[in-house]
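J.: Here is the input, now give the coordinates:
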Amino acid sequence: MESWILRPYRIARDHSQWYRFLTSGFLHADWGHLFFNMIAFYSFGGLVLSVLANGTGAPGLDGFGGIGGIWRFLLLYLGGIIVSDIPTYFRHRDDRSYGSLGASGGVASVLFAGVVFAPLNKIYLMFLPPQLGIPGFIFGFLYLAYSYYQGRRQGDNINHDAHFYGALYGVVLTLIFMPQAGIEFARQISTFLKTII
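T.: Purely as a prediction, here's the structure:
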């Protein structure tokens with residue numbers, strides 16, 4: 001645990017420890033932390049990998065084939081773990097006791113790629129009845145707002161910045177891979193809003 005956890009203070013003073021940006025994503029505080037990360041990863045990973053490999057059938061959203069889809073998916077997930085911790089590093093590099101672990105940045109990256117690809121798919125939260133599913137784009141907005149707010153507060157021993165920046169990384173990288181996905185995202189939301197107004 002101590003060899004792999006993200007320790008910004010140590011990294012800033014020993015540049016040979018940059019590997020912690022990645023290895024910290026393979027550690028979890030407890031079984032509950034691991035379970036929640038992996039259930040979210042499982043829930044969105046299949047959709048995202050399928051779209052990256054096979055496309056969606058919508059114009060301009062062709063996939064990249066099996067190998068092309070897999071390496072883009074890995075870049076999304078593993079890159080999300082690394083990139084989401086960069087702001088944490090700069091924020092805590094002088095805090096001797098700060099440590100962070102978990103795959104939340106990578107999971108948020110995959111989750112938000114799924115929201116870009118299927119913004120109207122409902123997201124169901126555990127312990128709530130199935131009738132309370134939230135359209136993905138609304139959930140995404142609420143998730144970002146909550147993560148940003150909690151990241152500023154820093155009161156609960158959770159790295160909310162990793163959630164926030166992992167999600168942003170997922171959206172940006174998805175749009176780099178498939179720019180047309182942004183247009184399709186806007187089209188689906190526009191159609192949805194017309195049906196409720």
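J.: And Pro130, how close does it get to Gly32?
T.: Pro130 sits 22 Å away from Gly32, going by CB to CB, to the nearest Å. For the C-beta atoms, the positions are set from N, CA and C on the backbone; glycine is no exception.
J.: can you give me the strands in the chain?
T.: Ranges of strands in the chain, per DSSP state E, are 122-123, 134-135.
J.: Ok, which of the ones you listed comes nearest Asp161?
T.: strand 122-123 (21.6 Å; CB to CB).
J.: What is the closest one packed up against?
T.: strand 134-135, helix 136-153 (3 or more CB pairs under 8 Å, 6 or more residues apart in numbering; DSSP states H and E).
J.: can I get the ones you listed in JSON lines with distance to Gly102?
T.: Formatted as JSON lines, those follow (distance: least, CB to CB, whole Å):
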{"stretch": "strand 134-135", "distance to Gly102": "23"}
{"stretch": "helix 136-153", "distance to Gly102": "14"}
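J.: how about these, which one is nearest Phe64?
T.: helix 136-153 (22.4 Å).
J.: Off-centre distance for that closest one?
T.: Distance of helix 136-153 from the chain centroid (CA atoms, centre = their mean, to the nearest Å) equals 12 Å.
J.: quick one: contacts of stretch 142-151?
T.: Under the contact criterion CB atoms under 8 Å, 6 or more residues apart in numbering, stretch 142-151 has outside partners 108, 134, 156, 158, 160-161, 163-164, 167-168.
J.: Check what contacts the longest helix along the chain and list those residues.
T.: Counting by DSSP state H, the longest helix found in the chain is helix 31-54. Outside helix 31-54, the residues within contact range by CB under 8 Å, 6+ apart are 28, 61, 63-66, 68-70, 72-73, 76-77, 102-104, 106-107, 110-111, 113-114, 117-118, 121, 126, 177-178.
J.: avg pLDDT for it?
T.: Regarding helix 31-54, the rounded mean pLDDT is 94.
J.: What residues of that helix count as buried?
T.: 33, 37, 40-41, 44-45, 47-49, 51-53 (16 or more other CB atoms under 10 Å).
J.: coming back round to it: please identify which of the contacts of stretch 142-151 is nearest to Asp14.
T.: Asp161 (22.4 Å).
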